[in-house]
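1. coordinates for the following, if possible.
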Amino acid sequence: MAIDSNIWAKVSRGNKEAYGELYRYMYKRLYNYGAKFTEEYVILEDVIQETLLLVWNDRSVIGTLTYAETYFYSVFRNILLQRLKEHYIQTRKITETTEPEFNVEQVIIKNEHDLELKKRLEDSVKGLTSRQREVIYLRFYEGFSYEKVGSVLGITTKATYKIVARALERLKEIMLISLIILL
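-> Modelled structure (predicted):
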């Protein structure tokens, strides 16, 4: 489900009721997305508020967006990564990489009933890079097109296809190896 262009047009003209509807819709989506980056829920909620306020304040400058939802995710992602970096520096928990760590295996197997397959898939996803896990989350959980995923991550659509293909290929390899070991 995407943001209705009529609602976005009303928001860009300053309609507070339309903004309230947009706010409620995007809050849940951004929260679910951000929870894949961090368990620092106070920071997460602050960043969501900041993102939604920023969009409201800049609504007339932003104008008519082709992909308003993608814009929200891009702004949110950039702010969240910056806040997390600042937080980890302050708490001396920073690591060599600032790439987000995902528990995307939970997202991918949400409706999976076979517990053994679920466990194998969870183990396999851990073998992916954080970038691959992020792309898998946006593409398959959020249902974004490859173009939208690329836009959120600031990469080309072609690069998005490559990352997804490599991630799926790697998952197949890991799953096959784990199946062979079980036999």
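
2. need the contact list for the most centrally placed residue in the chain.
-> With distances taken as Cα atoms, centre = their mean, residue 33 lies nearest the centre of the chain, 4.3 Å away. Taking Cβ atoms under 8 Å, 6 or more residues apart in numbering as the contact definition, residue 33 lies against 73, 76-77, 137-138, 142. In this view, the C-beta of every residue, glycine as well, is placed from N, C-alpha and C.

3. just give the closest residue to residue 171, not the sequence neighbours.
-> residue 124 (5.2 Å; Cβ to Cβ, 6 or more residues apart in numbering).

4. also residue 27?
-> The spatial neighbour of residue 27 that comes closest, neighbours along the chain excluded (Cβ to Cβ, 6+ apart), is residue 48 at 6.0 Å.

5. could you identify the helix or strand that succeeds the helix or strand that residue 24 is a member of?
-> In this structure, residue 24 is located in helix 16-34 according to DSSP states H and E. Towards the C-terminus, the helix or strand next in line after helix 16-34, according to DSSP H and E, is helix 41-57.

6. what comes up buried for that following helix?
-> 43-44, 47-48, 51-52, 55 (16 or more other Cβ atoms under 10 Å).

7. any idea which of those residues is least confident?
-> Taken together, those show their lowest pLDDT at residue 55, with 82.

8. hmm, residue 75 and that residue touching each other?
-> Yes - with contacts counted by Cβ atoms under 8 Å, residue 55 reaches residue 75, the gap being 6.8 Å.

9. can you list residues touching both of the two?
-> Common neighbours of residue 55 and residue 75 (Cβ under 8 Å, 6+ apart) do not exist.

10. which parts of the chain are helices?
-> If DSSP state H is used as the criterion, the helices of the chain fall at 5-12, 16-34, 41-57, 59-62, 68-90, 104-108, 115-125, 130-136, 146-153, 157-182.

11. what's the angle from the third one to helix 5-12?
-> The reference is to helix 41-57. Using axes from the mean of the first three to the mean of the last three Cα atoms, to 10 degrees, the inter-axis angle of helix 41-57 relative to helix 5-12 is 80 degrees.

12. thanks a lot, catch you later.
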